[in-house]
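K.L.:
Pasting a predicted model and its sequence here:
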Amino acid sequence: MKSLHVKPIKSFDITLCGIATDKSISHRAALFSLLSDKPSIIKNYLQGEDTMCTLHIVQSLGASVAYDGDVMIITPPQKLQEPPHILDCGNSGTAIRLLMGFLASKPGFFVLHGDEYLANRPMLRIANPLRSIGAQIDGRDNGNLAPIGIRGQKLSPFEYASPIASAQVKSAMILAALNASGPSGVSEPTLSRDHTERMLQGMGANIQIDGLHVKIHPLQEPLKPLELTVPSDPSSAFFFALAAAITPGSKILLKDVLLNQTRIEAYEVLRRMGTKISYIQHSNIYEPIGDILVEYGPLKCVDVDANIPWLIDEIPALSIAFANAQGKSSVKNAKELRVKESDRIATTVQNLRKCGIEANEFEDGFEVVGSKLKSASVQSYGDHRIAMSFAIAGLSCGIEVEDTDCIATSFPNFFQLLEKLGADIEDKISE
Ligand code: S3P
């Protein structure tokens, strides 16, 4: 197991290129390529462990992949294969949940599984609505926990109102609807990230969006192939925005980042806290893409209780900004944090306390009293975003983060980029 010691740094002024590309879009690009009958061309596919799992699954289902280190060409099979082994989704909730919706109507028997963390995350939120339209899905705990077995069936058209704003639930149901026997609808209580709708519409699917409702017509023929360049992931880039926000006198230009409104809300929270943020959009292919300029400003406390799905992945990182701010900050309406890669309410609060910060849990969030962080040794709890958030905290006070292997699931070059800020990182390998 690898641990890392991150030492404090001085101010920096830097342009950062090569930030890990978007995880949500990469998973979707691999999977949606199976909806066409022609090769999809994908540039900058994320080479993280999770997205590579999805790519291997797409290959196990019969696609062939050619990759020259830059451009990936995914050629779909004429007919989906029924693989003679389990489909390993690694640590990825997005992979397993989107695949459940995609495979529910495909002829054959499929078993989806993942690592010890994924195997404990709830799947009934997908299994139950799919079962209600005829899908045959089972697993441990009555289909709630992986391994998940799916025997593809004909699916009825449906109208599903999701009780949670989850892009994974919405996307799974949209994928199922593409193969149902008539038009279907999915709605959500507030808008979650909308990459599935944008990408499928770009591929020619007949999908109509009306506020929080998505109407899906079943596919009459294969879709157009994808041709896209995956931009940098705003959730990964956010760790470096945070670094500038907590290091007095610093400035960073984050290059070629996805600027979709449902993904940059955490930057807006930093702005409310006193950081200077500007967006410079330079293209729009499926999604708006551009650079984000982040400049240090003294941080003041903030209460965050709205647009939670738009910043759900950045809340552990935001907690480090809260700890560096003046006054008491809070997050509410974020119960979903309890079922992420770790229980992020508990793991964030435990680690902050280890750094000498006063922090308290609520059922649906937490509060943090800003003061000076002290040097400490914290755990990742096998959660990539907890590991990276506290590595960044180390830039102000010096921190040892135990078990950092999980960072490779989403951001394989995280530490190389951290070194570009001038960070001094010491590796420690233990049993
Ligand atoms: C994702 C949706 C979100 C997010 C996850 C990626 C996606 O999960 O937390 O990291 O790509 O659809 P939920 O749909 O569970 O909110």
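P.N.:
It's in.
K.L.:
what sits against the residue nearest to C301 when sequence neighbours are not counted?
P.N.:
Distances taken as C-beta to C-beta, 6 or more residues apart in numbering place G327 nearest to C301, at 3.2 Å, with adjacent residues excluded. C-beta here means a position set from N, CA and C on the backbone, and glycine is covered the same way. By C-beta atoms under 8 Å, 6 or more residues apart in numbering, the residues touching G327 are K300, C301, V369, G370.
K.L.:
Which member of these is positioned nearest the ligand?
P.N.:
For the contacts of G327, the minimum distance to the ligand (C-beta to the nearest ligand atom) is 24.8 Å, reached by C301.
K.L.:
what number of residues lie near that closest one?
P.N.:
If you count neighbours by other C-beta atoms under 10 Å, C301 ends up with 19.
K.L.:
among the contacts of G327, which two are most distant?
P.N.:
K300 and V369 (13.0 Å; C-beta to C-beta).
K.L.:
ok, and what's touching the strand or helix carrying Y160?
P.N.:
Element membership of Y160, judged by DSSP states H and E, is strand 159-161. For strand 159-161, the surrounding residues in contact (C-beta under 8 Å, 6+ apart) are P129, M173, S184, G185, V186, S187, E188.
K.L.:
other SSEs contacting the very next helix or strand once past that strand?
P.N.:
Downstream of strand 159-161, the next assigned helix or strand under DSSP H and E is helix 167-177. Counting by 3 or more C-beta pairs under 8 Å, 6 or more residues apart in numbering; DSSP states H and E, the packing neighbours recorded for helix 167-177 are helix 23-32, helix 93-103, helix 124-131, strand 184-187, helix 195-202, strand 213-216.
K.L.:
Adding mean pLDDT and distance to the ligand, write those out as CSV.
P.N.:
CSV is the format used below for these (pLDDT from 0 to 100; distance: least, C-beta to the nearest ligand atom, whole Å):
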stretch, mean pLDDT, distance to the ligand
helix 23-32, 98, 3
helix 93-103, 98, 4
helix 124-131, 98, 8
strand 184-187, 98, 13
helix 195-202, 98, 7
strand 213-216, 98, 14
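K.L.:
give the contact list for the residue nearest to R97 when sequence neighbours are not counted.
P.N.:
Spatial nearest neighbour of R97, excluding adjacent residues (C-beta to C-beta, 6+ apart): Q168 at 4.1 Å. Shown in contact with Q168 (C-beta under 8 Å, 6+ apart): G93, T94, R97, L98, I126.
K.L.:
Of those residues, which is the most crowded?
P.N.:
Highest neighbour count within the contacts of Q168: I126, with 29 neighbours (other C-beta under 10 Å).
K.L.:
Report the separation between that residue and E268.
P.N.:
30 Å (C-beta to C-beta, to the nearest Å).
K.L.:
can you list the residues of this protein near the ligand?
P.N.:
Selection of the chain residues close to the ligand by C-beta under 6 Å from any ligand atom yields 24, 93-94, 166-168, 171, 192-193, 309, 312-313, 336.
K.L.:
Export the residues you listed as a markdown table, with columns for distance to D405.
P.N.:
Listed next are the residues of the chain next to the ligand as a markdown table, based on distance: C-beta to C-beta, whole Å:
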| residue | distance to D405 |
| --- | --- |
| S24 | 22 |
| G93 | 18 |
| T94 | 20 |
| S166 | 27 |
| A167 | 26 |
| Q168 | 24 |
| S171 | 28 |
| S192 | 29 |
| R193 | 27 |
| P309 | 28 |
| I312 | 23 |
| D313 | 19 |
| E336 | 25 |
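K.L.:
hmm, back to that, which ones among the contacts of G327 map onto strands?
P.N.:
V369 (DSSP state E).
K.L.:
out of the residues of the chain next to the ligand, which is most surrounded?
P.N.:
Of all those, the highest neighbour tally under other C-beta under 10 Å goes to S171, namely 31 neighbours.
K.L.:
what about that one, distance to L318?
P.N.:
S171 sits 25 Å away from L318, going by C-beta to C-beta.
K.L.:
Same question for R140.
P.N.:
Per C-beta to C-beta, R140 is found 34 Å from L318.
K.L.:
Who has more neighbours out of these two?
P.N.:
Applying other C-beta under 10 Å to R140 and L318 shows that L318 carries more neighbours, namely 24 against 13.
K.L.:
Quick check: pLDDT value at the more buried one.
P.N.:
Note for L318: predicted pLDDT of 99.
K.L.:
Check which element follows the helix or strand harbouring it along the chain.
P.N.:
In the assignment (DSSP H and E), L318 maps to helix 315-323. Once helix 315-323 ends, the next helix or strand along the chain (criterion: DSSP H and E) is strand 328-331.
K.L.:
Describe which strands that next one pairs with in its sheet and in which direction.
P.N.:
Counting by DSSP bridges, the strands paired with strand 328-331 are strand 303-304 (parallel), strand 365-369 (antiparallel).
K.L.:
can you list the weak-confidence ranges in this protein?
P.N.:
Scanning the chain for pLDDT under 70 picks out the ranges 430-431.
K.L.:
and it, what are its domains?
P.N.:
Residue ranges for the domains of the chain, per automatic domain parsing: 2-21+231-429, 23-229.
K.L.:
chain center to the first one: distance?
P.N.:
This means domain 2-21+231-429. Offset of domain 2-21+231-429 from its chain centre (C-alpha atoms, centre = their mean, to the nearest Å): 14 Å.
K.L.:
repeat for the last one
P.N.:
Here domain 23-229 shows a centroid-to-chain-centroid distance of 15 Å under the convention C-alpha atoms, centre = their mean.
K.L.:
Find the nearest non-adjacent residue to L178, please.
P.N.:
Excluding its sequence neighbours, the residue lying closest to L178 (C-beta to C-beta, 6+ apart) is L219, at 5.1 Å.
K.L.:
quick check, I74 in a strand?
P.N.:
Yes: remark: I74 belongs to a strand, assigned using DSSP: H, G, I helix; E, B strand; the rest coil.
K.L.:
isn't there a helix covering Q281?
P.N.:
No: read with three-state DSSP, Q281 is strand and lies in no helix.
K.L.:
is it true that it touches E287?
P.N.:
No: the criterion here is C-beta atoms under 8 Å, and Q281 misses it with E287 at 10.4 Å.
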